[in-house]
Structure formats: C-alpha cells, structure tokens
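Q: please work out how this folds:
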Amino acid sequence: MEGVGTPALAIIGAGRAGSALAIAAHDAGYRVAAVASRRGEMAARLASTVGACAVATPLAAVAAADLTLLAVPDGAISTVAASIAASGVSLQGRGIVHLGARFGPEVISSLRITGAEVGVLHPLQALAGPDSASLLEGAFFRVDAGGLLRRRLLALIAALRATPLHIDPAHAPLYHAAAVLAGNAPLALLAEATHLLEAAGLNAETAHAALAALLEGAAHNARRAGPAAALTGPVARGDQGAIAAHLDALAGYPDARDLYLHLTRAMESLVATQPVAGDAGAQVA
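A: Presented below is the predicted three-dimensional model:
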C-alpha cells in the first residue's frame, strides 16, 4: 500500500462526475490505476486521459487500487457494491466510497464483509464531464468515513485545494435538497428566462449567452458578498412599478408569471434581512 496521502485510485463509472474527479486527482498528483465503466469506450477514453488501465469489471478496478471512487448513478450504487462483495475476494486495507449525496456509507455496507473500509465522498459541485474537472479546485466535499479511509479522503480533498464538509447522516436528504436548489434549479430558471427573451425577439443562441453571462455575474457577486448583498433589480430597489409592468408582460405566460411572483416574494424576504442604508441596526420594510 502507498502512503496515506497518495493512495492509488480507481474509478468505477466514467461519466460526468467520475471523469471530472479522475482528471482533477490526476492533475493533483495522484496515480489513477484503473477505470471501469458499463460503457467500455468511455472507460478507455478516460483511462487514456489519466494514464490508467481500462478494466472490464468493478472488482478488477477495486483490486488495482488503494482507494476506489464509486461514481455510478444513485440507483446503481448498492447493486455495484453487492456485486463486488459477492466475489468473495478479500479487500482488506482498501477503501471504497460512493458519491451519492443523500446516502450514507450504509448503502455500500455489503462491502464490509470483504474487509474494505466504506464511506461517502460527495463533491458539492456541478460536474458535467472532463471539462468541469477544474471546478473541483476550491469546491466543497461531503465526507462520511472513519479511520484510515477518512485520512485518505481528507488528503485528497486537500490536494484539490478543496474543503471538507461534515453533514449529519440524518440530514443528508436535506443537504441534497439544498444542493439541487442551488446547483440545478437556476438552470431551469435560465431555460425559462431564455424562452422569454426569444419571445422578446432574440434568437435562442443570443438569448442563452446573454442570460448565462448574467447568471455567472450574479453567482460571482453572491460568492463574494452573500445573496442578500448581491441582489440587484427592481425588488432590491423597491421599484413596484417595474414589478407590476413585468407581471402585465407575463400575462400570456402563466407558468412564468407564477414563478416570477413566487420568487419576487422570496427576494422581498431576502431584502428584509438587509440593514437600511445609514442605519446598521434597522431592517428594510
């Protein structure tokens, strides 16, 4: 076995998250020993990128490494773990973690009969394949593991210049819901807003590019100052006339109008948390 800080890695699942993590770990100085995937061509492509061997089975991947990242869809986590455990092969001293946000280590507890340590390593980041590997630098990771496995995971997170998070297992679904609201819901909003800009006369490509840039700017400001301080627009200004005009314009788009109304109320609540200018102790009405 290699040292705690530099275990050989294996990746099971060469999709969006698995490929990004493999590349990020490789770039951080880790050796990726093996890649296994249900789609062999994806495993071969990722293995070639990180200098690993593409192997035919999850068991072969685990056997080639000290630390295995089980980067398969949530519905397949327990099934893949059980298939490895059913082999009867001793995996003493090895660590295996899944990337599922809403589960704890128990979902792969079948692997404990092999002698492997099991845990969770969930990257709280929008991973969409190899091109998103760079997003893992500075990201946050939910970690649920003990002993040597925990030390190895923390070393990997440190190598990625990322930050570990501890979430009570009982609150894992709430953690996952928060991640969906922040990481996925804005994309649905972006799509809805793009349709409205198309209705206003822009082509789809221009509408998407313009609004995606706006969303990036808002996220940048929120990261620096928090959502309340970063809020701009008519709600932040208290411009009721603009809000009324928007609601009139959205009359022909009832779903978008309902969404606008709901989010306007949420923004008004956000504004209410901000001190009135010149009076740090007062609240905006």
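Q: and the residue nearest the centre of the chain, what does it touch?
A: A centroid search over the chain (Cα atoms, centre = their mean) returns residue 125, at 3.0 Å, as the residue closest to the centre. Neighbouring residues of residue 125 by Cβ atoms under 8 Å, 6 or more residues apart in numbering: 132, 135-136, 139-140, 183. Where you see a C-beta, it was placed from the backbone N, CA and C, and this is true even at glycine.
Q: for those residues, give me CSV that also has neighbour count.
A: Written out in CSV, the entries for the contacts of residue 125 read as follows (neighbours: other Cβ atoms under 10 Å):
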residue, neighbour count
132, 19
135, 15
136, 24
139, 17
140, 16
183, 13
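Q: those residues in helices, which ones?
A: In helices, judged by DSSP state H, the following of the contacts of residue 125 are found: residue 183.
Q: pick out the most distant pair among the contacts of residue 125.
A: With Cβ to Cβ as the measure, no two of the contacts of residue 125 lie farther apart than 132 and 140, at 14.9 Å.
Q: show me the beta-bridge partners of residue 98.
A: Per DSSP bridges, residues listed as beta-bridge partners of residue 98: residue 70, residue 120.
Q: ends of stretch 45-58, what's the gap?
A: When the termini of stretch 45-58 are compared using Cα to Cα, to the nearest Å, they are 17 Å apart.
Q: I misspoke; the intended subject was stretch 163-180.
A: Criterion Cα to Cα; first-to-last residue distance in stretch 163-180 is 19 Å.
Q: for that stretch, buried residues please.
A: Buried residues in stretch 163-180, defined by neighbour count with 16 or more other Cβ atoms under 10 Å: 167, 172, 175-176, 179.
Q: show me the helices in the stretch 51-200 of the chain, by range?
A: Shown for the stretch 51-200 of the chain, the helices assigned by DSSP state H, counting those that start in this stretch span residues 58-63, 77-85, 147-159, 172-183, 185-199.
Q: how about the contacts made by residue 173?
A: Contacts for residue 173 (Cβ under 8 Å, 6+ apart) come out as residue 102.
Q: okay, it: pLDDT?
A: If you check residue 173, the pLDDT there is 95.
Q: what's the answer for residue 274, then?
A: Reading off the per-residue confidence, residue 274 sits at a pLDDT of 79.
Q: correct me, but it touches residue 230?
A: No - in this structure residue 274 lies outside contact range of residue 230 using Cβ atoms under 8 Å: 10.7 Å.
Q: tell me which element residue 49 falls in.
A: For residue 49, the element it lies in under DSSP states H and E is helix 40-50.
Q: which elements pack onto that helix?
A: If contacts are counted by 3 or more Cβ pairs under 8 Å, 6 or more residues apart in numbering; DSSP states H and E, helix 40-50 sits against helix 16-27, strand 32-36, strand 53-54.
Q: could you give the angle of the first one to helix 40-50?
A: Per axes from the mean of the first three to the mean of the last three Cα atoms, to 10 degrees, the angle that helix 16-27 makes with helix 40-50 is 20 degrees.
Q: residues in contact with helix 16-27?
A: Helix 16-27 is touched from outside by 9, 11-12, 14, 32, 35, 37, 42, 46, 49-52, 69, 71-72, 99, 123, 127-130, 132-137, 156, 159-160, with contacts defined as Cβ under 8 Å, 6+ apart.
Q: could you do the second one as well?
A: In this structure, residues lying in contact with strand 32-36 by Cβ under 8 Å, 6+ apart are 8-14, 18, 22, 25-26, 43, 46-47, 50-58, 60-61, 64-65.
Q: of those residues, select the buried ones using a ChimeraX command.
A: Burial among those is assessed by 16+ other Cβ under 10 Å; the matching ChimeraX selection reads:
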select :8,9,10,11,12,13,14,18,22,25,26,43,46,47,50,52,53,54,55,58,60,61,64,65
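Q: what is the neighbour count of the residue lying closest to residue 145 once chain neighbours are set aside?
A: Among residues not flanking residue 145 along the chain, residue 119 sits closest, at 2.7 Å (Cβ to Cβ, 6 or more residues apart in numbering). Burial measure for residue 119: 22 neighbouring residues, criterion other Cβ atoms under 10 Å.
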